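Trainee: build the 3D model from these lines:
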Amino acid sequence: MSHCHYHALSSVRRWGGNPDDYLPLHQWFDESKKIIADPRHRALRHHAEGIFLLETIFGVTIRNSDGRDIPVRLVGEQHVAEDLGRIPSFADWARLIQPMPWILRGNPAGSPGFDPELGAPVPGSRDPIPAIA
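Mentor: Below is the predicted model:
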C-alpha cells in the first residue's frame, strides 16, 4: 500500500471503528520514509521485531471508536503483510546488507562473530526473499 490512510481503511474493514483509530500505528511504521523515501525505508520497522516494538510503544491493545479493544500486534502484522506479502525477520533484511569495509572495521576476518557469508542466504533455509516494490 502506498499511504497510511489506506492501511487504516483496511484496519477499519477488519476491526471496525474509524481510520483515525489506527492511523498513528500505521504512521509509526512509515515514519522511516523521513530517512529514505523509497521502499528500503521498510527495513527499519517492517519486520517481526518492529511489530513487537510497536506493541511496546502503543500498548498491547488500543480501543477503537466502536469501543472494541484491538491487539496492536495484529494491526502491525496487517501493515507489514500488506506491504511485503509476509512478515520477515530482521535477519531476513540483514542478509541483504552487503558488508562493506567500513561496516567490518574492527571485525577482521577470523574474529569471533565475523561471518563472511552474512550477505548470502543460507541454502535451503528459506525461500528467497522477493524483490520489494
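Trainee: in what helix or strand does residue 92 lie?
Mentor: Under the criterion of DSSP states H and E, residue 92 resides in helix 90-94.
Trainee: and that helix, what does it pack against?
Mentor: helix 48-58 (3 or more Cβ pairs under 8 Å, 6 or more residues apart in numbering; DSSP states H and E). Heads up, the C-betas are built off the backbone N, CA and C, glycines and all.
Trainee: pull the helix or strand following the helix holding residue 92 out as CSV, backbone CA atoms only.
Mentor: Later in the chain than helix 90-94, the nearest helix or strand by DSSP H and E is helix 101-104. The C-alpha coordinates for helix 101-104 follow below in CSV (Å, rounded to 0.1, in the frame of the first residue of the first chain):
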residue,chain,number,x,y,z
PRO,A,101,34.9,-2.4,4.6
TRP,A,102,33.6,0.4,6.9
ILE,A,103,31.0,-2.0,8.3
LEU,A,104,33.6,-4.6,9.0
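Trainee: quick one: average pLDDT of helix 101-104?
Mentor: Helix 101-104 carries an average pLDDT of 78.
Trainee: can you tell me the closest non-neighbouring residue to residue 24?
Mentor: residue 58 (7.3 Å; Cβ to Cβ, 6 or more residues apart in numbering).
Trainee: quick one: residues contacting that neighbour.
Mentor: 24, 25, 28, 72 (Cβ atoms under 8 Å, 6 or more residues apart in numbering).
Trainee: so which residues of the chain form helices?
Mentor: Per DSSP state H, the chain carries helices over the ranges 4-15, 19-30, 48-58, 72-84, 90-94, 101-104.
Trainee: can I get those helices in CSV including distance to residue 38?
Mentor: Below are the helices of the chain laid out as CSV (distance: least, Cβ to Cβ, whole Å):
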stretch, distance to residue 38
helix 4-15, 16
helix 19-30, 12
helix 48-58, 18
helix 72-84, 13
helix 90-94, 15
helix 101-104, 21
